[in-house]
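Chemist: Fold the following, please.
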Amino acid sequence: MNKAKSGDLVSVKYRGKFTDGTIFDESDIDNPFNFTLGVGEVISGFDNGIIGMSVGETKTINILSDEAYGPYEEDLVFVINRDEIDTIENIKVGDILELPMQDQNSLFATVIEISEDDITINANHELAGKDLIFEVELLAIN
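Modeler: Residues are numbered from 1 along each chain as shown. Sure, this is the predicted structure:
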């Protein structure tokens, strides 16, 4: 039987849960998730969990935060002066800002607090520091 390997385009159904059982994401029943194994399109723990599966197989993948979105890092929480952001007028807690970096990349950060002079932003991924559980079914290997 054909087993999924690095470089394969795969199609899966999945449900992502936290360790307390709370569901944080799941694929659409009519629209499975397609990606190429081993090329960095998904977190490494998800990739590694699919490798070796056969079509029709179901599996529970437990992923520690290090193989998911990494640890929560306090140094990725910043306080910036309101004057440093051009589009400040309608900003609110929960907004995601795209901040240009010196290397031509962008840093995405969530606004977590607003004061008269400052804005506190968090550049951690929303799932950073969390261990994840995925229930997956491999639907196809292309």
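Chemist: What residue spans form the domains of the chain?
Modeler: Per automatic domain parsing, the structural domains of the chain span 9-70+127-141, 74-122.
Chemist: mind checking the end-to-end distance for the shortest one?
Modeler: Same thing as domain 74-122. End-to-end distance for domain 74-122, by Cα to Cα, to the nearest Å: 9 Å.
Chemist: What mean pLDDT does that domain get?
Modeler: Mean pLDDT, domain 74-122: 86.
Chemist: Would you state the helices of the chain in chain order?
Modeler: 44-50 (DSSP state H).
Chemist: sorry, back to before: from the domains of the chain, which stretch is densest packed?
Modeler: Stretch with highest mean neighbour count among these: domain 9-70+127-141 (a mean of 15; mean count of other Cβ atoms under 10 Å). (Each C-beta comes from the backbone N, C-alpha and C, glycine too.)
Chemist: Tell me how far K5 lies from F18.
Modeler: For K5, the distance to F18 (Cβ to Cβ, to the nearest Å) stands at 29 Å.
Chemist: returning to what we had before: can you list the domains of the chain in a markdown table and add distance to M1?
Modeler: A markdown table is the format used below for the domains of the chain (distance: least, Cβ to Cβ, whole Å):
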| stretch | distance to M1 |
| --- | --- |
| domain 9-70+127-141 | 5 |
| domain 74-122 | 41 |
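Chemist: Show me what the mean pLDDT comes to for stretch 24-44.
Modeler: What stretch 24-44 shows for mean pLDDT is 94.
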